[in-house]
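S.K.: what shape does this take:
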Amino acid sequence: MFLEMMSIIQLNLTKLLSDQGIHVIAAVLSIFPEWRKWNRENIQDYAEVYLKVSIDTLIKRGREHLYVPAREGKLQNVVGVDIDFPEPSFPDLEIDNEEEKNDFSGFVDQITALQVVKDILE
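M.R.: The predicted model follows:
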């Protein structure tokens, strides 16, 4: 319930800002496909970028020590462990984030190559 409420707040804020001509970039772990659909239908110049990474890679990176305790049952409400993560069906861009990187300029290039982003930047 809390996650859904936070998603609703985020999408309403994004819509409010977008309606005022403010470009919004939001990093969101969206587990609600219906809200992704709503965003696409209601937010001007909406583009969805999906950073795809496996749970195994997340565990290896484990900076927050989130996934191991969740898999051991010591921590609850972790997306990808005890909360399902429905992958986006039709992202505008899917970026493979499996490899360790220090340089993210390739990701930036992919995002700025999206037509909706090009239109905004012109």
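S.K.: what segments of the protein are strands?
M.R.: 49-52, 93-96 (DSSP state E).
S.K.: let me see the domain layout of the protein.
M.R.: Domains of the chain are assigned by automatic domain parsing as 1-46, 48-122.
S.K.: end-to-end on the first one?
M.R.: I take that to be domain 1-46. Chord length of domain 1-46, first to last residue, is 25 Å (Cα to Cα, to the nearest Å).
S.K.: quick check: mean pLDDT across that domain?
M.R.: Domain 1-46 shows a mean pLDDT of 88.
S.K.: show me what the lengthiest helix in the chain is packed up against.
M.R.: Taking DSSP state H as the assignment, the helix of the chain that covers the most residues is helix 2-19. Counting contacts by 3 or more Cβ pairs under 8 Å, 6 or more residues apart in numbering; DSSP states H and E, helix 2-19 is packed against helix 33-42. The way it works is simple: take the backbone N, C-alpha and C, and place the C-beta from them, glycine included.
S.K.: list the contacts for the residue lying closest to Asp119 once chain neighbours are set aside?
M.R.: Leaving aside its chain neighbours, Asp119 sits nearest to Asp45 (7.2 Å; criterion: Cβ to Cβ, 6 or more residues apart in numbering). By Cβ atoms under 8 Å, 6 or more residues apart in numbering, Asp45 lies in contact with Ser18, His23, Val116, Asp119, Ile120.
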